[in-house]
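Novice: This is the structure alone, sequence omitted:
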């Protein structure tokens, strides 16, 4: 072992430096909150590892191929990962929930540093890199959200990218550049994929390198730092603090695993640029505050919520170490700054909460059942919009049922019901009708609200007329 | 080496300065090259972005005053338009262009005074883009108009904006009728708040 170390040290000369860092003294008494950065790092590594695995099956294409014209390859590859790849659902869930947890942990980490005044000289660079890391985390979450290409991600992105138009001077340019056109379309998917897989992770790693090297160089910040401060009891970083970090990583991993194995990452109906099933778009939860703001103000104030307030927020974060330059770190001696931060956080929280309360409900529907519905015009959109997430092709073929093609609909299932669920001419004998009406348990769609009455009637009328492939 | 600069009068170009500037220029040229290539790559030339005429259905299959959502390839991508038929007769004088005028004041507060255009005699169709002009949500037909579920914008059947945060009325697609078939192409403008159609 020592021979190998010596071999490398003769060539690199790093051994002494690494040795010094490993045993550098750190405060002995620490709070669990000191380890939020480590938790964020672990979550990023989780995203990288699970992301690499997802990329082995994921297909970034909005195109579909002949057997399943209503499903994009992107959506179908997600179904495949969820239902066919061994442990695919765990990998996807770890990635999805890891992303959400990472946003929460990064923001909490930042709030903690803000409260402790740890951004003060000489740690300005660490703070600025941290602001960059927050933005990269949000950008990764935003771009990754689109990739399953389902209704929720498609329309959330359509609205999110439309907001670029409010940027001064470059608005329309930025919007069309990100979308690859006037509206969100299949090019948006490949652009976001490239950003999500290559550009943003690289930027994040670079910023993290700056962040991490500065932390190593300057050591952990603690309040009684500087001249005249009482001397703290210290321990060598390795193995004492390093072990505590391991415990924090283990705890974070455990929390993530419990969430990921108990809550399936959402996947709604496949993206339909025509929105025939009238899906009502919902924004990402960390955009709820913008969403709430936009509902309150007339259109000419939209840029304030979309551009001005976020820009002021980022600039304020960047300017923080330059504004708050006093010698004191204690919150009690930085009351104006703490108060300003508290107001900003409270405003964001309140707007987010109000946004949650007013998640859009479907419009008072004027849907009327059609007397002579066709399969391609009426039935297929209903099935695609409500059923194929579970009863799809090679992946989510729950009960062996595939509702993405006419042949699949007529063929029926394999378990527990063998045979057709559509009996032409006899809606009351057709299991598909009995399940959506709730006359046969479980009521379908499982875990969602009942189908619109007009849609149920459409299915009944279509079966009554012979369930033709028209 | 370090005293090379000190011997020379200020402003003199030294070898060191020349090499430094040279590196900057080379780096800049390469960087601009890649930037230019990237921008060209991401913005296809205008002809590729054009939306050609596409048949969207037979004129007789549309019901008067009943808006219908039909698929359209917009800039080459799956998209859709709301088609609203006003009458069964077709006046070639106004082929495809609708002189809308909204009597309702828009939310911007500007009172609208122009009279509503009598579309029944001179204009057979209105073809609206399916995206809300506010933030591109898909709006829905309410029978008497259109409503967007995202931020609550509302429009009349004429495409006039009457409520919510949208900046103006619905986007308008060019349309034409040939041999009983309705053809639709790209967006040419939007229904203005009070002075007729605007160019988008």
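Specialist: Now that the structure is in, tell me what you want to look at. These figures come from a predicted structure and were not determined experimentally.

Novice: Could you list every helix and strand that the lengthiest helix in chain B packs against?
Specialist: Counting residues, the longest helix found in chain B (DSSP state H) is helix B:15-42. Packing partners of helix B:15-42 (3 or more Cβ pairs under 8 Å, 6 or more residues apart in numbering or on different chains; DSSP states H and E): helix B:4-7. To be clear about C-beta, it is placed using only N, CA and C from the backbone, and glycine gets the same treatment.

Novice: Pull the contacting residues for residue A:370.
Specialist: Residues counted as contacts of residue A:370 (Cβ atoms under 8 Å, 6 or more residues apart in numbering or on different chains) are A:378, A:458, A:461.

Novice: Please point out which parts of stretch B:39-52 sit buried.
Specialist: B:49, B:51 (16 or more other Cβ atoms under 10 Å in any protein chain shown).

Novice: List of residues touching that stretch?
Specialist: Contacts for stretch B:39-52 (Cβ under 8 Å, 6+ apart): A:176-177, A:180-181, A:191, B:72-76, B:185-187.

Novice: What about residue A:48, how many residues nearby?
Specialist: 14 (other Cβ atoms under 10 Å in any protein chain shown).

Novice: Ok, residue A:348 next?
Specialist: Using other Cβ under 10 Å, residue A:348 has 16 neighbouring residues.

Novice: repeat for the one 3 residues further on
Specialist: As a burial measure, the neighbour count of residue A:351 was computed by other Cβ under 10 Å and equals 18.

Novice: Report the buried residues of the helix or strand containing it.
Specialist: For residue A:351, the host element (DSSP states H and E) is helix A:335-357. Buried positions in helix A:335-357, judged by neighbour count with 16+ other Cβ under 10 Å: A:337, A:338, A:341, A:348, A:351, A:352, A:354, A:355.

Novice: Just give me the closest of the residues you listed to chain B.
Specialist: Of all these, chain B sits closest to residue A:355, with 11.6 Å by Cβ to the nearest Cβ.

Novice: Test my guess that that closest one contacts residue A:294.
Specialist: No: contact status for residue A:355 versus residue A:294: not in contact, 9.7 Å apart, counting by Cβ atoms under 8 Å.

Novice: follow-up on the earlier one: got CSV for the contacts of residue A:370, with neighbour count and distance to residue A:17 too?
Specialist: What follows is the contacts of residue A:370, written out as CSV (neighbours: other Cβ atoms under 10 Å in any protein chain shown; distance: Cβ to Cβ, whole Å):
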residue, neighbour count, distance to residue A:17
A:378, 21, 70
A:458, 25, 72
A:461, 17, 77
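
Novice: what secondary structure does residue B:176 sit in?
Specialist: Of the three states, residue B:176 takes strand according to DSSP: H, G, I helix; E, B strand; the rest coil.

Novice: returning to that earlier point: mark which of the contacts of residue A:370 are part of helices, please.
Specialist: Short answer: these in helices (DSSP H) are A:458, A:461.

Novice: just to revisit the earlier point, report all helices and strands that the next helix or strand after the helix holding residue A:351 contacts.
Specialist: Per DSSP H and E, the first helix or strand lying C-terminal to helix A:335-357 is helix A:380-386. Contacts defined by 3+ Cβ pairs under 8 Å, 6+ apart place helix A:380-386 against helix A:453-464.

Novice: how about the helix it packs on, does it get close to chain B?
Specialist: No: if you take Cβ under 8 Å from any Cβ of the partner chain as the test, helix A:453-464 misses chain B, and the best it gets is 13.4 Å.

Novice: Now that helix: average pLDDT?
Specialist: On average, the pLDDT along helix A:453-464 is 89.

Novice: for that helix, which positions count as buried?
Specialist: Neighbour-count burial for helix A:453-464 flags A:455, A:456, A:457, A:458, A:459, A:460, A:461, A:462, A:463, A:464 (criterion: 16+ other Cβ under 10 Å).

Novice: I'd say the third one and residue A:371 touch.
Specialist: In this case it means residue A:457. No: using Cβ under 8 Å, residue A:457 makes no contact with residue A:371, being 9.5 Å away.

Novice: Close to chain A: what parts of chain B are there?
Specialist: Contact residues, chain B versus chain A (Cβ under 8 Å from any Cβ): B:42-43, B:49, B:69, B:71, B:74-75, B:77-80, B:107-108, B:130-131, B:134-138, B:140-143, B:147, B:149-152, B:165-167, B:187.

Novice: Could you tell me which of those residues belong to strands?
Specialist: For these, the ones inside strands are B:69, B:71, B:74, B:77, B:78, B:79, B:80, B:140, B:141, B:147, B:187, with DSSP state E as the criterion.

Novice: what's near enough to touch the second one?
Specialist: Right, residue B:71. Residue B:71 touches A:274, B:56, B:78, B:79, B:80, counting by Cβ under 8 Å, 6+ apart.

Novice: List the beta-bridge partners for it.
Specialist: Going by DSSP bridges, residue B:71 is paired in beta bridges with residue B:80.

Novice: could you measure it against residue A:153, distance?
Specialist: Distance of residue B:71 to residue A:153, computed by Cβ to Cβ, to the nearest Å: 21 Å.

Novice: Show me the shaky parts of chain A.
Specialist: Within chain A, the stretches with pLDDT under 70 are A:1, A:29, A:222-231, A:360-367, A:394-397.

Novice: Return the residues of it in contact with chain B.
Specialist: A:155, A:158-159, A:162-163, A:176-177, A:180-187, A:191, A:273-276, A:278-281, A:294-295, A:297-300, A:302, A:360, A:362-364, A:366.

Novice: Count the neighbours of the closest residue to residue A:328 other than its chain neighbours for me.
Specialist: Using Cβ to Cβ, 6 or more residues apart in numbering or on different chains and skipping the chain neighbours, the partner closest in space to residue A:328 is residue A:334 (6.1 Å). Residue A:334 sits with 20 neighbouring residues when counted by other Cβ under 10 Å.

Novice: backbone phi and psi for residue A:334, please?
Specialist: Note on residue A:334: its backbone torsions stand at phi -130, psi 40 [degrees, to the nearest 10].

Novice: So it sits against residue A:117, correct?
Specialist: Yes: between residue A:334 and residue A:117 there is a contact under Cβ under 8 Å: 6.0 Å.

Novice: what touches both of those two?
Specialist: A:324, A:328.

Novice: which pair in the contacts of residue B:71 spans the largest distance?
Specialist: Using Cβ to Cβ, those span at most 13.5 Å, a distance reached by B:56 and B:78.

Novice: what about these two, which has more around it?
Specialist: More neighbours surround residue B:56 than the other of residue B:56 and residue B:78, with 22 against 17 (other Cβ under 10 Å).

Novice: Which pLDDT does the model give that one?
Specialist: The predicted local confidence for residue B:56 is 94.

Novice: now what about the helix holding residue A:351, what contacts it?
Specialist: Contacts for helix A:335-357 (Cβ under 8 Å, 6+ apart): A:111, A:114-115, A:283, A:285-286, A:288-289, A:291-293, A:313, A:316, A:320, A:323-324, A:331.

Novice: Show the buried residues in the residues you listed.
Specialist: Neighbour-count burial (16+ other Cβ under 10 Å) applied to the contacts of helix A:335-357 gives A:114, A:115, A:283, A:286, A:288, A:289, A:291, A:292, A:293, A:320, A:324.

Novice: and which of those residues is nearest residue A:426?
Specialist: residue A:283 (43.6 Å).

Novice: for the closest one, what are its contacts?
Specialist: In this structure, residue A:283 makes contact with A:156, A:159, A:160, A:290, A:291, A:355, judged by Cβ under 8 Å, 6+ apart.
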